[in-house]
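**Student:** sequence unavailable; structure follows:
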């Protein structure tokens, strides 16, 4: 489809899929990662609110732990979730909860299977990135609407990166193989945005283990582009990340009053 014939986000309904079935073992024992509290509110709710705040997103599908769908439904019912419609008018975003699979890839596929047919643009967002700004969400959607089949928010790397030969035992020294050119590297975030047909095709075609959905589209030989990411869209993976996320929320309350 050419850039001229591709519908804009305002014309094409946009849905978001949030895989939230992971256990988050690196955060330690306790509730599944997506249900850990930040400022008294589960991370999942922060993530859903961030996507629903976009004027383009009219449906959010949460892929819950297979044994936790009712708990997630109750959480969504218990929290105010502002949203918008593809036309730009304010209103309640629709929400749907489906059970997840054993892997992230399987969970995203289950979310895609639950999408109504009218949704032509799909976002896939990590529940563990609860603080992504709405401007980043909108930038991804707009880039898909402009003609890119797959879009990822990304940040330049601050650190030098080394390619190594992985050690056989954890903690053992690892020989350096190469030093990639840092200027050409990006740290990828979510939400990642897709033309729906492209993403469905990727999930039907790519069977190997992948770390994100954009890499599946790359394996189809299709173009993936980046838009600027945001420092606050970091992934909450370890206990220190929880501390940082709480600090970001505290700053937002101070600056924005919420």
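**Tutor:** Thanks, I have the structure now. Just so it is clear, the structure is predicted and the values come from calculations on it, not from any experiment.
**Student:** neighbouring contacts of the helix or strand that contains residue 226?
**Tutor:** Assigning secondary structure by DSSP states H and E places residue 226 in strand 224-228. Applying CB atoms under 8 Å, 6 or more residues apart in numbering, the set of residues contacting strand 224-228 from outside is 136, 139-140, 143, 148-155, 186, 188, 214, 217-218. Every residue, glycine included, has its C-beta placed from N, CA and C.
**Student:** pLDDT on the helix or strand where residue 47 lies, on average?
**Tutor:** Secondary structure assignment for residue 47, by DSSP H and E: helix 43-52. Averaging pLDDT along helix 43-52 yields 94.
**Student:** endpoints of stretch 188-206, how far apart?
**Tutor:** End-to-end distance of stretch 188-206: 20 Å, with CA to CA, to the nearest Å as the criterion.
**Student:** tell me the helix or strand right after the helix holding residue 47.
**Tutor:** strand 57-64.
**Student:** and that following strand, which residues are buried?
**Tutor:** Buried residues in strand 57-64, counting neighbours by 16 or more other CB atoms under 10 Å, are found at 57, 58, 59, 60, 61, 62, 63, 64.
**Student:** listing partners with orientation, what would you give for it?
**Tutor:** According to DSSP bridges, strand 57-64 has the following sheet partners: strand 14-19 (parallel), strand 94-99 (parallel).
**Student:** if we can go back for a sec, which of the buried residues of strand 57-64 sit farthest apart?
**Tutor:** Based on CB to CB, the longest span within the buried residues of strand 57-64 runs between 58 and 64 and measures 20.2 Å.
**Student:** avg pLDDT for the strand holding residue 226?
**Tutor:** Mean predicted confidence for strand 224-228 is 98.
**Student:** for it, buried residues please.
**Tutor:** Quick answer for strand 224-228 (16+ other CB under 10 Å): 224, 225, 226, 227.
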